[in-house]
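> Quick check, what structure comes out for this input:
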Amino acid sequence: RKIPKTKGNHLKNLLDFTLKELKEQLSPPFRAKQIFEWIYKKNATGFDEMLNLPKDLRTNLAQEFYLDPLKCVKFEQSADGSIKYLFELKDGLRIESVLLPMKEEQTNEQGKISRHARYTVCVSSQVGCKMGCAFCLTAKGGLVRNLTAGEIVGQILWIKRENKIPYERRINVVYMGMGEPLDNLASVSKAVKILTENDGLAISPRRQTVSTSGLGSQIKKLGKMDLGVLLAISLHAVTDELRSRLMPINKAYNIEAVMDAVRGFPIDMRKRVMFEYLVIRGLNDSLADAKKLMRLLHGIRAKVNLIYFNPHEGSEFGRPEPSNMVQFQDYLCAHGITCTIRQSKGLDISAACGQLKQRNEKNKISAQNGIDADKISSAKARERAGTNEPTIKISGRKDQVLLTNPSRKTGPKSAPATQNLTNAEKK
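Numbers count the residues shown, from 1 in each chain. So this is what the prediction gives:
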């Protein structure tokens, strides 16, 4: 059976298809599994590489589908190994993704690998965003359009292939890039399913974290889908007054509504709901804020991820003092709440959402005026990277990360600051 012809010259993104959907397009159906294996396991970038498919089928596939929904137009690599990618889609719009190396490869005395490198990929779900968060650079441009499932999957596939990450090395995926994932729930949920396919990348749902600014009704819909993914809530404030100022979505779904949706979300008993708390100097970094947060999370299997605000040009907010971060963490830990300080990555590059895209667009304008915006921005980035914040050290125990600060003494009293961080948390 021939593949149904599409109208006109419009090709379809094959990465948009689940294995089941592709089987419905082909006869015999087992060809779909072969195609999946070529794309996701063997990194094929063209149908002519799929040598176990009949030649006429390869010809038909090339006439109906494409395998490259995006291309990399720019990237920046940090001294810590993080790589920020600027991708251009078929319609010329641009999005960002980040590869975050979480643990380096280690070898034993015999020269054999004792631990493989571990990675997290942060992906975008929309071009732009309509949530309007005051601290977010992406939101300033508004929402342009949703990404398709294949455009989301394509980010991960391209990054794995480009960095030669072996198929058998599983990665963590966090939907924390440009856009609000639950505002594009149909594409995000489909991307989760495609990534989970055993004949594809086989990334377990428990390795995929969906972040949201707090769309209560969508959290409930995601819960009913029972995909098995982890949930992260971008909370960032403990009062409705401040949260509404920082995140306009709070006027539609206030803190109480978000907490109500979270309490009904199905979560593996071995896991917890992550609450992301962006710490901004002088706004939400006090001990009083920590106490209010502790009360808000009462009765929820929660873990809190404290995040340093990553300054960008034109921002009205400042980066918090490391001492305030540690004080905030210590209080929550002392009261039984798992709390980590996210390891800051990519401070010497445009690592925060929207920064690389904005810089790339600004450089086009600056070039016309003879100004090297890259040198100016890089100097500012190096200055930020020199901040004296808690660093992360790997201890001898498996998966244990010690958060330390050169100005802080470690001992029995500071023991609660030692936390086990998952890869998703350390993004």
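> residue closest to the middle of the chain?
Nearest to the mean C-alpha position of the chain, by CA atoms, centre = their mean, lies Cys122 at 2.7 Å.
> Got the phi and psi for that one?
phi -100, psi 120 (degrees, to the nearest 10).
> Identify the spatial nearest neighbour of it, chain neighbours not counted.
Distances taken as CB to CB, 6 or more residues apart in numbering put Val98 closest to Cys122, at 4.3 Å, once the chain neighbours are dropped. (Each C-beta comes from the backbone N, C-alpha and C, glycine too.)
> Who does whichever strand or helix holds that neighbour pair with, and is each partner parallel or antiparallel?
In this structure, Val98 sits in strand 94-103 according to DSSP states H and E. Paired neighbours of strand 94-103 in the sheet (DSSP bridges): strand 83-89 (antiparallel), strand 118-122 (antiparallel).
> In it, which residues are buried?
For strand 94-103, the neighbour count (16 or more other CB atoms under 10 Å) marks Arg94, Ile95, Glu96, Ser97, Val98, Leu99, Leu100, Pro101, Met102 as buried.
> doesn't Lys74 make contact with the fourth one?
If I follow you right, that is Ser97. No - using CB atoms under 8 Å, Ser97 is not in contact with Lys74; the gap is 11.9 Å.
> which residues do the two both contact?
When contacts are counted by CB atoms under 8 Å, 6 or more residues apart in numbering, Ser97 and Lys74 have Tyr85 as shared neighbours.
> which helices and strands does the strand or helix carrying Arg295 pack with?
Taking DSSP H and E as the criterion, Arg295 maps to helix 287-296. On a contact count with 3 or more CB pairs under 8 Å, 6 or more residues apart in numbering; DSSP states H and E, helix 287-296 meets helix 322-334.
> What confidence value was assigned to Gln343?
Among the per-residue scores, Gln343 shows a pLDDT of 72.
> picking that back up, show me the beta-bridge partners of the residue nearest to the centre of the chain.
Bridge pairing for Cys122 - DSSP bridges - gives Val98, Val174.
> Surely it is in contact with Met178?
No - contact criterion CB under 8 Å: Cys122 and Met178 do not qualify, at 9.8 Å.
> Could you pull out the strands in the stretch 201-350 of the chain for me?
Counting by DSSP state E, counting those that start in this stretch, the segments of the stretch 201-350 of the chain that form strands are 208-212, 230-234, 273-279, 302-308, 338-341.
> Nearest residue to Phe265 in space, please, no chain neighbours.
Phe265 sits nearest to Gly223 (CB to CB, 6+ apart), 4.4 Å away.
> Kindly provide the distance from the residue nearest to Cys122 to Arg206.
Distance of Val98 to Arg206, computed by CB to CB, to the nearest Å: 21 Å.
> Quick check, Asn324 in contact with Ile280.
No - Asn324 is not in contact with Ile280 according to CB under 8 Å; the separation is 10.5 Å.
> Give the residue from the two that has the larger number of neighbours.
Between Asn324 and Ile280, counted using other CB atoms under 10 Å, Ile280 has the larger neighbour count: 23 against 18.
> If we only consider the buried residues of strand 94-103, which is nearest to Lys33?
Checking the buried residues of strand 94-103 against Lys33 with CB to CB, the nearest one is Ser97 at 27.4 Å.
> so how far is Phe36 from the closest one?
Applying CB to CB to Ser97 and Phe36 gives a distance of 22 Å.
> What of Pro266?
Pro266 is 28 Å from Phe36, by CB to CB.
> Provide the backbone phi and psi angles at Ser124.
The phi/psi pair for Ser124 (degrees, to the nearest 10) is phi -90, psi 150.
> Same question for Lys12.
phi -100, psi 150.
> So what sits opposite it in the bridge?
Here Lys12, judged by DSSP bridges, has bridge partners Phe65.
> Need the per-residue pLDDT for it.
The model reports Lys12 with a pLDDT of 96.
> Same check on the one 4 residues further on?
At Asp16, the pLDDT value in this model is 98.
> Does it touch Gly150 like I think?
Yes - between Asp16 and Gly150 there is a contact under CB under 8 Å: 3.6 Å.
> Next, find the distance separating Thr340 from Phe275.
Per CB to CB, Thr340 is found 11 Å from Phe275.
> Name the residues contacting each of those two.
The contact sets of Thr340 and Phe275 overlap at Lys303, Val304, Asn305 (CB under 8 Å, 6+ apart).
> Gln155: which of those residues is nearest?
For the shared contacts of Thr340 and Phe275, the residue nearest Gln155 by CB to CB is Asn305; the value is 22.2 Å.
> what about the closest one, how many residues close to it?
With other CB under 10 Å as criterion, Asn305 counts 22.
> Please apply the same query to Tyr253.
If we define neighbours as other CB under 10 Å, then Tyr253 has 21 of them.
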